[in-house]
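Enquirer: Pasting the sequence and the predicted coordinates here, then a few questions.
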Amino acid sequence: MTADTPNQQGRNIVLSGMMGSGKSTIGRIVAELLNRPFVDTDKQVEETAGRSVATIFADQGEAVFRLMERDAVRHVAALRGQVVSLGGGVVMDPDNVTHLRETGDIVWIDVPIDVLVGRLASSAKPNKRPLLEGDRDPAVLHSRLSALRAERYDAYATSAVYVLDTLGRSSEVVAQEVLAWAMQQPGVLSPEERP
Ligand SMILES: Nc1ncnc2c1ncn2[C@@H]1O[C@H](COP(=O)(O)OP(=O)(O)OP(=O)(O)O)[C@@H](O)[C@H]1O
Ligand SMILES: O=C(O)C1=C[C@@H](O)[C@@H](O)[C@H](O)C1
Ligand SMILES: [Mg+2]
């Protein structure tokens, strides 16, 4: 088994949460520790479309992006044995959640807005986060992120089987918590992934 060969036995570990919550950072660590492929739905969309998330939003609109994202989700959910990082809005579509749950378990990385503002103000990633319009002003970011989180809270909470609290904890420590959770969860780790 290599990092490019999905393990057919283990369920996907699917990380969900707001922009900047740490899905990619934590997901990569978990994938490396388990020697699993790491898949990011935003990257899948960009590779398939040959354009950045921001360009898709600008040229074709958010609705077209969401359709592409649905396809990416179905692709990812067709395989097992992966660590998956979701775009921040994926779980707003209940069909996406249904597909993801067939082969995986969703873990929500819940991060307070103030922490997100601190992270996103110093890393605007305008090509990736058009909903924030590349804005780095902390007050504007705070109000945009608060509104998004309020709108999405129920979807994040109900789609996830586990919530990670990252406050004051490094990504490495949080990744270890994901592993500890996976160990307890039937079907997530294959026998060979268990110590
Ligand atoms: N537990 C943590 N403690 C401190 N910093 C963290 C932690 N997790 C992530 N970070 C930092 O927060 C920033 C955002 O993390 P990351 O890119 O992984 O988030 P994301 O959810 O993938 O966001 P997006 O997909 O919207 O870009 C990075 O600079 C990362 O180093
Ligand atoms: O929260 C969101 O709706 C988004 C988050 C990003 O991961 C991208 O999927 C896109 O910028 C939209
Ligand atoms: Mg990411």
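Expert: Right, received. Where do you want to start? Nothing here was measured: the structure is a model prediction, and the numbers come from that model. Numbers count the residues shown, from 1 in each chain. Ligands and ions are numbered 1, 2, ... in the order given.

Enquirer: Surely A121 is in contact with A139?
Expert: No - the pair A121 / A139 is not scored as a contact, 10.0 Å apart, by Cβ atoms under 8 Å. For the C-beta atoms, the positions are set from N, CA and C on the backbone; glycine is no exception.

Enquirer: When these two are compared, which one has more neighbours?
Expert: A121 (17 against 9; other Cβ atoms under 10 Å).

Enquirer: Is the helix or strand hosting that one positioned near ligand 1?
Expert: Using DSSP states H and E, the element containing A121 is helix 113-122. Yes - remark: helix 113-122 sits within contact range of ligand 1 at R119, by Cβ under 6 Å from any ligand atom.

Enquirer: And the next helix or strand after that helix, what does it pack against?
Expert: Sequence-wise, the next helix or strand downstream of helix 113-122 (DSSP H and E) is helix 138-159. In terms of contacts (3 or more Cβ pairs under 8 Å, 6 or more residues apart in numbering; DSSP states H and E), helix 138-159 is packed against helix 94-103, strand 104-110, helix 113-122.

Enquirer: now these in CSV, with mean pLDDT and distance to ligand 3?
Expert: As requested, the helices and strands packed on helix 138-159 are exported to CSV (pLDDT from 0 to 100; distance: least, Cβ to the ion, whole Å):
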stretch, mean pLDDT, distance to ligand 3
helix 94-103, 98, 16
strand 104-110, 98, 11
helix 113-122, 90, 11
